[in-house]
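Asker: Need coordinates for the below:
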Amino acid sequence: MARLDENQIRERLAKVPGWQRRGEAITRTWSFADFREAMAFVTRVALAAEAANHHPDIDIRYSKVTLTLTTHDASGLTAKDFALAESIGA
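Answerer: Predicted structure coming up:
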């Protein structure tokens, strides 16, 4: 999969509210009422990621979950990252 150029990244980032660019990745943090809700969210993300065959880095801090997406094979952002971000939703 080809890396996106800067204009493509800006356009796609505008379509995934809450996500921010961090170097060659996009990231977003969610807050939940407790650990159980956070883990339920992580499970939903894991199922979507497995279906897409594209796996985020996941950081779980009790009731906060941070996802980071990048395409390691392309050494940067690709359409796969934004497609997964869209499928995860709000």
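Asker: Centre of the chain to the helix ranked longest in the chain, how far?
Answerer: For the chain, the helix with the greatest residue count under DSSP state H is helix 35-52. Helix 35-52 sits 12 Å away from the centroid of its parent chain (Cα atoms, centre = their mean, to the nearest Å).
Asker: Tell me who's in contact with the nearest residue to Ser31 once chain neighbours are set aside.
Answerer: Distances taken as Cβ to Cβ, 6 or more residues apart in numbering put Lys64 closest to Ser31, at 5.3 Å, once the chain neighbours are dropped. For glycine as for every other residue, the C-beta is placed from the backbone atoms N, C-alpha and C. With contacts defined as Cβ atoms under 8 Å, 6 or more residues apart in numbering, the neighbours of Lys64 are Thr29, Trp30, Ser31, Phe32, Ala38.
Asker: didn't the fourth one look like it was pressed against Val65?
Answerer: Right, Phe32. Yes - look at Phe32 against Val65 with Cβ atoms under 8 Å: they come within range, at 7.2 Å.
Asker: Of the two, which one has the most company?
Answerer: Taking neighbours as other Cβ atoms under 10 Å, Phe32 and Val65 compare with Val65 leading, 20 against 16.
Asker: how about that one, secondary structure?
Answerer: Assigned by DSSP: H, G, I helix; E, B strand; the rest coil, the conformation of Val65 is strand.
Asker: Out of the contacts of Lys64, which sit inside helices?
Answerer: When helices are assigned by DSSP H, the members of these inside them are Ala38.
Asker: That concludes my questions; thank you for your assistance.
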